[in-house]
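Visitor: Would you be able to build a 3D model of this:
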Amino acid sequence: MEFRAIIKKGEKQFVALCPELDVVSQGYTIDEALSNLKEAVELYIEEMGVPEGADSKETIIASFEVSK
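Guide: Reported below is the predicted structural model:
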């Protein structure tokens with residue numbers, strides 16, 4: 001299965017989110033955050049299974065702006 005990762009720079013580490021499963025992990029580098037997220041997703045699937053409709057092909061990520 002293919003999932004998406006949204007990675008954001010935090011104060012000390014990068015935070016990685018898999019939006020299809022709402023699984024989050026972190027790491028000191030982007031590669032480490034992504035690797036840790038992959039491991040967390042694998043553990044999630046092992047314990048919980050894959051929810052119906054969780055495939056990234058059905059997920060749309062859009063950007064938008066709001067005024068301050």
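Visitor: So, low pLDDT: which residues of the protein?
Guide: 56, 58 (pLDDT under 70).
Visitor: now the helices for it?
Guide: In order along the chain, the chain carries the following helices (DSSP state H): 30-48.
Visitor: quick one: the strands in it?
Guide: Counting by DSSP state E, residue ranges of the strands within the chain are 6-9, 14-18, 23-27.
Visitor: So which of those strands is nearest residue 44?
Guide: strand 23-27 (5.2 Å; Cβ to Cβ). The way it works is simple: take the backbone N, C-alpha and C, and place the C-beta from them, glycine included.
Visitor: Just the C-alpha atoms of the closest one, please, in CSV.
Guide: Taking Å, rounded to 0.1, in the frame of the first residue of the first chain, the C-alpha atoms of strand 23-27 are listed here in CSV:
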residue,chain,number,x,y,z
VAL,A,23,-0.2,8.3,12.6
VAL,A,24,2.5,10.7,13.7
SER,A,25,6.3,10.2,14.3
GLN,A,26,9.4,12.4,14.4
GLY,A,27,13.1,12.5,13.8
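Visitor: so what's residue 59 closest to, chain neighbours aside?
Guide: Excluding its sequence neighbours, the residue lying closest to residue 59 (Cβ to Cβ, 6 or more residues apart in numbering) is residue 20, at 5.4 Å.
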